[in-house]
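Trainee: quick one: sequence plus predicted model below, questions after.
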Amino acid sequence: MHGNYLYYLSQVPHDFTIITRPGNPPGYSALGTGLPWGDNIREVPWDRVRNEDFDCVLFQSRDHYEIDQYELLSAAQRALPRMYVEHDPPQGHPTDTRHPFQDPDGLLIHVTPFNALMWNSGVTPSRVIEHGVLVPEGVRFHGDLARGVTVINHLKQRGRRLGADVFERVRSQVPLDLVGMDAEAMGGIGEVRNMDLAQCVSHYRFFFNPIRYTSLGLAVIEAMMSGVPVVGLATTELVTVIDNEVNGYVAIREEALVPVMQRLLKDPDLARAWGEAGRQLAQERFGIGRFVSDWMAAFESKTAATHTNLGRQRA
């Protein structure tokens, strides 16, 4: 699940095992060749997992936690320290939804402070580990395309929550390209290989985030890390990242965003200045070193009492 996030998580110096099923159904896909996976991450078929030795179990979806663990894991594995990384804010009631992972001995990881604020974590201890990202070495803002770019997978299918209607309205006023899985369904470019995406985005004058309600997307942070200014809706975590007319621009009203985009299209030097400020912030807040340190501490907090080996842990 969440291929890019898994790649960044695999920068933590522990051993990771992912579960696969034939046909690569959601949540059980093979690693593939789109990212430069290290030797600390490997695949195990679903019917062999119970024979493996782990130090902890890390969940990323409700079905895996509520259903699949009882089919796939042994009783001993289910008794191991358990953690759950939550990638999204509540999809039900935005403030009163109790998280499905209820375990006073577990640890719930939220990827943004906004998620932690909105979820009712119940009896489960929780902490925030903000994203950490890497972009290929040497990727820097070019801005030679007088267009904006939006990066969202399956935008047409995911609809209003991800801002499909907002994207369409803004695109009627400003030249915008859509990149991501099934982007062709909305007249977009389509999917770009993971390791080529940052270089692709770096050629656009700005990155547009039309999403109404989600966590802070990795694509936004990766754009910032590449020096591309971000324009978007002033919702969820994005308002804590973008400082208007310093490293980008956010507003609730679409009509306030369009003139800003038009300014950036006419003024590549302004786009470059905002993008550079965004790159500096991204390096400070979303650097991979801080991310790795936070995850090391989280794993240690849950496994230290049951595992005294100072070597690599296995999740």
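Mentor: Arrived safely. Numbers count the residues shown, from 1 in each chain.
Trainee: where's Arg205, which helix or strand?
Mentor: Here Arg205, judged by DSSP states H and E, is contained in strand 204-209.
Trainee: can you name the element that comes right after that strand?
Mentor: Taking DSSP H and E, what comes next after strand 204-209 is helix 218-225.
Trainee: now do that following helix and strand 204-209, the angle between them.
Mentor: Using axes from the mean of the first three to the mean of the last three CA atoms, to 10 degrees, the inter-axis angle of helix 218-225 relative to strand 204-209 is 150 degrees.
Trainee: list the neighbours of the following helix or strand past helix 218-225 that are in contact with it.
Mentor: Sequence order places strand 230-233 as the next helix or strand after helix 218-225, per DSSP H and E. Contacting residues not belonging to strand 230-233 are listed as 148, 163, 166, 206-212, 220, 223-224, 238, 241-242, 247-252, 257, 260-261, 264, 278 [CB atoms under 8 Å, 6 or more residues apart in numbering]. (C-beta placed from N, C-alpha, C; glycine too.)
Trainee: related to what we said a few turns ago, what helices or strands is the strand holding Arg205 leaning on?
Mentor: Contacts defined by 3 or more CB pairs under 8 Å, 6 or more residues apart in numbering; DSSP states H and E place strand 204-209 against strand 145-151, helix 218-225, strand 230-233, helix 254-266, helix 268-285.
Trainee: thinking again about what came up before, what subset of the contacts of strand 230-233 is buried?
Mentor: Buried by 16 or more other CB atoms under 10 Å: 148, 163, 166, 206-211, 220, 223-224, 238, 241-242, 247-251, 257, 260-261, 264, 278, out of those.
Trainee: ok, which stretches of the stretch 51-200 of the chain are helices?
Mentor: For the stretch 51-200 of the chain, the helices defined by DSSP state H, counting those that start in this stretch cover 62-63, 69-72, 75-78, 113-118, 155-158, 164-171, 194-201.
Trainee: of all those, which lies closest to Met296?
Mentor: Among those, the nearest to Met296 by CB to CB is helix 113-118 (19.7 Å).
Trainee: thought Ala219 was touching Leu155?
Mentor: No: here Ala219 does not reach Leu155: they are 11.7 Å apart, not a contact under CB atoms under 8 Å.
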